[in-house]
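*Asks:* can't give you the sequence, but here's the structure:
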């Protein structure tokens, strides 16, 4: 199945993102084999940097390094998919600045909600950064479920148990993009989170 055949943004109502950078995953996968969803921030400004764009893409390079840091043997995105890990973004368009407005995250969370509904056997949601955390919180609130992840700095709320619709939810740090190589303390915590998520998915 290709996720891109089942979800899309039709009206592009958000004004603080680059619509020309719109991307949804078009990789072929068996949805029943996905046990972990890793949700990062937004689509890259250059589509060649997206997860499924090829071995030279920035998102692929930093994510592979994150899994290697965690002790998982990966040399390609396909290796990560073979572990049962699906990679996507909370916001499907590229950023225009450093941040993304809450209204845009909420709007795009409607697409993310449909995307997650296509994956029936997920055990762990990895929320890589504040945008992903906010998006999943919006999905939960629309259903009257309350916040999945509480407010607060990620380093303070990590290490506790959170659940999204009965599955584990991990608040973590952004692993996709150039900042990953700079912030070494966050790399260590990302590796810890990936390691634990892989262990939980195997239980």
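*Replies:* Alright, I've got the coordinates. Given the structure is predicted, the values throughout are model-derived calculations rather than measurements.

*Asks:* was I right about residue 111 contacting residue 8?
*Replies:* Yes: under the criterion of C-beta atoms under 8 Å, residue 111 makes contact with residue 8 at 7.4 Å. Using the backbone N, CA and C atoms, a C-beta is placed for each residue, glycine as well.

*Asks:* how about the helices of this protein, start to end?
*Replies:* 58-69, 77-82, 102-117, 130-142, 154-157, 179-182, 184-202 (DSSP state H).

*Asks:* Select, out of these, the one closest to residue 25.
*Replies:* helix 102-117 (8.1 Å; C-beta to C-beta).

*Asks:* Mind giving me the packing neighbours of that closest one?
*Replies:* Packing partners of helix 102-117 (3 or more C-beta pairs under 8 Å, 6 or more residues apart in numbering; DSSP states H and E): strand 85-95, helix 130-142.

*Asks:* could I get the ones you listed as CSV with mean pLDDT, mean neighbour count and distance to residue 107?
*Replies:* Formatted as CSV, the helices and strands packed on helix 102-117 follow (pLDDT from 0 to 100; neighbours: other C-beta atoms under 10 Å; distance: least, C-beta to C-beta, whole Å):
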stretch, mean pLDDT, mean neighbour count, distance to residue 107
strand 85-95, 96, 24, 9
helix 130-142, 97, 22, 9
